[in-house]
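Enquirer: need a 3D model of the sequence below.
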Amino acid sequence: MLPSTTRDALYDNAKLRRRSFLKVVTQALLTSSVRRDCGSCGIGKMLALLMLLGLLCLTIVHPSSPVRPSNSKVFQNLSVYGSDSEEKLISEGIKEGQSLRSVLRRPPRLPPRISTFRGKGANGSVGAGRKESSDDRVWKNKQVKVVEAFRHAWNGYKTFAMGYDELMPLSGKGVDGLGGLGATVVDALDTAIIMGLDDVVMEAGSWIEEQFPVRFREKGQVNLFETTIRILGGLLSAYHLMGGDNETHGQWGETVTVQASGLKPELYLERAKDLADRLMFAFTSSPTPIPFSDVVLSEKTAHPAGFDGGASSTSEVTTLQLEFLYLSKVSGDPKYGKAAMSVLEHFRQLPKLDGLVPIYVSPHTGQFQGNNIRLGSRGDSYYEYLLKVWLHQGGAFANDTDVSYLREMYDEAMEGVKHSLVQKSVPKGLVFVGELPTGDKGNLSPKMDHLVCFLAGNLALGATRGLTKQQALENGLLGEHDMENLQLAEDLARTCYEMYSVTATGLAPEIAYFNTGGAGSENLSGGKANAEYKDDIIIKRLDRHNLLRPETVESLFILYRITRDSKYRQWGWEIFQAFETHSKVNGGGYACIDDVTVLPAPKRDKMETFFLGETLKYLYLLFGDSNVLPLDRFVFNTEAHPFPITLQQTSLVAET
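Expert: Numbering: from 1, shown residues only. Next comes the predicted model:
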């Protein structure tokens, strides 16, 4: 169940409260004709006053604290806000200086719990205005299971690896694979806030307050991209969700700060600025707008990658902009957004193949390196951020903005995807997105990374701008190309789901190949003999591992929000159950899987930070109320950290 608001907790319905015999007699006297007959005489007034004084004494003798549903303050930050004519959806928490009556009274017997939301949300879904259905209760119970999974993962990390980047759940220890900044702590923080887990927020927040500055001084090299999306993004999201960025909150409604953590949101902003100031050396050290890939935090230096001639990944240098732009907005310092946006402005000028770009770019020359084109690793989030930066900077609210060119680049790229990369498998026609290893000079490879599954959600988000399909149709926002993209999104989501369904474990491989001619190979199948698409999907031996990745459930979450088709929830539940069955480690945490095609599934001694930061967060939101973090009000970065959409463009990126 989602937590109720404090307003619900203080709801006083006399019909539902047990009343003492004295109170029954008193109310009968005060509401009968005796009161009317005696009200004008002194004795009648005196008797009524004595009765009231007696009742007040009884409540003082039997004091009780006001009821406060757990985590309600956390949850209030995440409510969607309706139009000005609608009732405010976020109620104030219990505050100092409440009336004596509300503090001293006996807690009421509450009516059946109702939803936190009290009207129609910005995404069109109905909150507490309607009676909760049995289907609502079923999915909220499933949501509780996701919270339990998060706690199991966090408790394993806290017990064996607190302060390390990642947990090794099988050996019960921690490892630093991302620079030693406690990546799991920061990546998981806003998930805990969203789920209302005040104790986890306290534990993570206290560690960030005490240990984070020490890590800056002691730790060495970090990757610019990974540190930005996981650490910087996590800090900035926590800053917003904990009550920071009052200007943005003012646009959407009131907010109540989470008090359980004992930390002010400004702490997270302070840590974010300290980190970003060090990461900025990746930009200032490069001779071109393309930043170097690696930064030494303790020395405040940066250098190019030690392979591929020092080339940077296309996706890595173009997946920094949401985080740096939002930091510029909340800090008032334009340098962060300007540096990050200079990369996309540079990409605007580079040659492309129908909007598609190679996966490497040189920071020394500013030009693409090689011809390999794909939407999997090293290419994926370039296309994601073209759309999301446009949305975040208010592109959906105005046609003429400083980032309008990003929407044009995105639209061109999606046409290129449909023209050059999309094919269907045989014999049953699954739609997949292939690769061009040698660019336009070679043939399409029928290889598709699990990472490509982000595209289904991204296409849907671009088609409706975060509104439901019905709302977009009613507002005339769905053109011919938008409808094509939405259909492609649903087709790709089906393919990504079948990558799970085809295996013995119900978990997807890291990479799949698709049969484009002839029968599938038996020894390269998913190990599930009765799978419907066993002849369409080929899983090579080196690709059979599962890393607890979020891309498929991310797209299921977005598509459910947009289409309201319950099959996406059901698919997500099946995936969650497969994680519970095969990845859960009894001592705490969840493990990656070495081979998804065999039973019992062999585990790998690693729990990725994004399992807590992304996978479980998207599953929780998929099973919950669509008014929480609505897609026309928030943009999720590529690590699932939500940022509020800016209604009026900051203009920081336009300054020179």
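Enquirer: now stretch 413-421: buried residues?
Expert: Within stretch 413-421, the residues that count as buried by 16 or more other Cβ atoms under 10 Å are 413-418, 420-421. In short, each C-beta sits where N, CA and C put it, glycine included.
Enquirer: mind putting those into CSV with pLDDT and distance to Phe454?
Expert: Formatted as CSV, these follow (pLDDT from 0 to 100; distance: Cβ to Cβ, whole Å):
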residue, pLDDT, distance to Phe454
Ala413, 98, 14
Met414, 98, 13
Glu415, 98, 18
Gly416, 98, 17
Val417, 98, 13
Lys418, 98, 16
Ser420, 97, 18
Leu421, 98, 14
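Enquirer: any chance of TSV for the residues you listed, columns secondary structure?
Expert: Listed next are those as TSV, based on DSSP: H, G, I helix; E, B strand; the rest coil:
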residue	secondary structure
Ala413	helix
Met414	helix
Glu415	helix
Gly416	helix
Val417	helix
Lys418	helix
Ser420	helix
Leu421	coil
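Enquirer: and Val585, how many neighbours?
Expert: With neighbours defined by other Cβ atoms under 10 Å, the count for Val585 comes to 18.
Enquirer: let me fix that: Thr159
Expert: Using other Cβ under 10 Å: Thr159 sits among 13 other residues.
Enquirer: any idea how far it is from Ala149?
Expert: Thr159 sits 16 Å away from Ala149, taking Cβ to Cβ, to the nearest Å as the criterion.
Enquirer: for Pro602, same thing?
Expert: From Pro602 over to Ala149 the distance is 21 Å, taken as Cβ to Cβ.
Enquirer: show me which of those two is the more surrounded one.
Expert: Ala149 (22 against 14).
Enquirer: find the residue closest to that one in space, skipping its chain neighbours.
Expert: Distances taken as Cβ to Cβ, 6 or more residues apart in numbering put Leu616 closest to Ala149, at 6.0 Å, once the chain neighbours are dropped.
Enquirer: is it true that that neighbour lies in a helix?
Expert: Yes. Under three-state DSSP, Leu616 sits within a helix.
Enquirer: which of the buried residues of stretch 413-421 sits closest to Thr495?
Expert: Relative to Thr495, the closest of the buried residues of stretch 413-421 is Leu421; by Cβ to Cβ it sits at 13.1 Å.
Enquirer: just give me the neighbour total for Leu455.
Expert: By other Cβ under 10 Å, 27 other residues sit near Leu455.
Enquirer: cool, Gly196 as well?
Expert: Applying other Cβ under 10 Å, we find 23 residues neighbouring Gly196.
Enquirer: now do the helices in the stretch 551-656 of the chain.
Expert: Taking DSSP state H, counting those that start in this stretch, the helices of the stretch 551-656 of the chain run over residues 551-563, 567-582, 609-610, 616-622.
Enquirer: and those as a markdown table, adding mean pLDDT?
Expert: Putting the helices of the stretch 551-656 of the chain into a markdown table (pLDDT from 0 to 100) gives the following:
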| stretch | mean pLDDT |
| --- | --- |
| helix 551-563 | 98 |
| helix 567-582 | 98 |
| helix 609-610 | 98 |
| helix 616-622 | 98 |
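Enquirer: ok, the buried residues of stretch 413-421 vs Met341, which is closest?
Expert: Ala413 (18.0 Å).
Enquirer: quick check: closest non-adjacent residue to that closest one.
Expert: Gly355 (3.5 Å).
Enquirer: in this structure, where is pLDDT below threshold?
Expert: Residue ranges of the chain with pLDDT under 70: 1-131, 246-262, 397-401, 518-523, 647-656.
Enquirer: select the longest helix from it.
Expert: Criterion DSSP state H: the longest helix present in the chain is helix 134-161.
Enquirer: packing partners of it?
Expert: Packing partners of helix 134-161 (3 or more Cβ pairs under 8 Å, 6 or more residues apart in numbering; DSSP states H and E): strand 166-168, strand 173-175, helix 183-195, helix 198-218, helix 567-582, helix 616-622.
Enquirer: just to revisit the earlier point, let me see the contact set for the residue nearest to Ala413.
Expert: 409, 411-416 (Cβ atoms under 8 Å, 6 or more residues apart in numbering).
Enquirer: ok, now with 7 Å
Expert: Residues counted as contacts of Gly355 (Cβ atoms under 7 Å, 6 or more residues apart in numbering) are 409, 412-413, 415-416.
Enquirer: before we move on, what about Ala282?
Expert: 224, 291-292, 295, 302.
Enquirer: and the gap between it and Tyr385?
Expert: Using Cβ to Cβ, Ala282 is found at 17 Å from Tyr385.
Enquirer: ok, and the closest non-adjacent residue to Thr503?
Expert: Spatial nearest neighbour of Thr503, excluding adjacent residues (Cβ to Cβ, 6+ apart): Gly526 at 3.8 Å.
Enquirer: quick one: contacts for the one you found?
Expert: 502-504, 534, 537, 539, 597.
Enquirer: wait, what's in contact with Val146?
Expert: 576, 616, 619-620, 623.
Enquirer: for these, work out which two are farthest apart.
Expert: Across those (Cβ to Cβ), the longest gap, 10.9 Å, separates Leu616 and Phe623.
Enquirer: these two: which has the busier surroundings?
Expert: Of the pair Leu616 and Phe623, Leu616 is the one with more neighbours under other Cβ under 10 Å, namely 27 against 22.
Enquirer: for that one, give its distance to Val553.
Expert: Relative to Val553, and taking Cβ to Cβ, Leu616 is found at 9 Å.
Enquirer: swap in Phe150?
Expert: Plainly put, Phe150 is 14 Å away from Val553 if you go by Cβ to Cβ.
Enquirer: wait, Ser381 touches Thr638, no?
Expert: Yes. Using Cβ atoms under 7 Å, Ser381 makes contact with Thr638 at a distance of 4.6 Å.
Enquirer: now the common contact residues for the two.
Expert: With contacts taken as Cβ under 7 Å, 6+ apart, the residues that reach both Ser381 and Thr638 are Thr319.
Enquirer: adding distance to Ser171, write the contacts of Val146 out as TSV.
Expert: Putting those into TSV (distance: Cβ to Cβ, whole Å) gives the following:
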residue	distance to Ser171
Phe576	25
Leu616	22
Leu619	27
Tyr620	28
Phe623	32
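Enquirer: mind listing the helices for the stretch 251-400 of the chain?
Expert: 265-279, 281-284, 314-317, 321-331, 335-347, 380-392.
Enquirer: make TSV from these and add distance to Ala204 to it.
Expert: Below are the helices of the stretch 251-400 of the chain laid out as TSV (distance: least, Cβ to Cβ, whole Å):
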stretch	distance to Ala204
helix 265-279	11
helix 281-284	26
helix 314-317	26
helix 321-331	19
helix 335-347	24
helix 380-392	25
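Enquirer: is Val361 in a bridge, and if so with what?
Expert: Val361 has these beta-bridge partners by DSSP bridges: Ser312, Phe368.
Enquirer: from here on, call the first residue 269.
Expert: Yep, numbering from 269; the last one is Val629 now.
Enquirer: give me the neighbour count for it.
Expert: Count around Val629 with other Cβ under 10 Å applied: 26.
Enquirer: go ahead and confirm it touches Phe636.
Expert: Yes. Between Val629 and Phe636 there is a contact under Cβ under 7 Å: 5.4 Å.
Enquirer: tell me how far stretch 876-895 is from the chain's mean position?
Expert: How far stretch 876-895 lies from its chain's middle: 6 Å, per Cα atoms, centre = their mean, to the nearest Å.
Enquirer: span of that stretch from start to end?
Expert: Taking Cα to Cα, to the nearest Å as the measure, stretch 876-895 stretches 29 Å from start to finish.
Enquirer: name the surrounding residues that touch stretch 551-566.
Expert: Stretch 551-566 is contacted from outside by 484-492, 546-547, 549-550, 570-573, 580, 584-585, 607, 610-611, 614, 629-634, using Cβ under 7 Å, 6+ apart.
Enquirer: one more pass at 6 Å, please.
Expert: Contact with stretch 551-566 is made by 484-485, 487-490, 492, 546-547, 549-550, 570-573, 580, 585, 607, 610-611, 614, 629, 631, 634, as judged by Cβ atoms under 6 Å, 6 or more residues apart in numbering.
Enquirer: now Cys651. Nearest residue, chain neighbours left out?
Expert: To be clear, residue 651 is Tyr; Cys isn't right here. Using Cβ to Cβ, 6+ apart, the nearest residue to Tyr651 is Ala681, at 5.5 Å.
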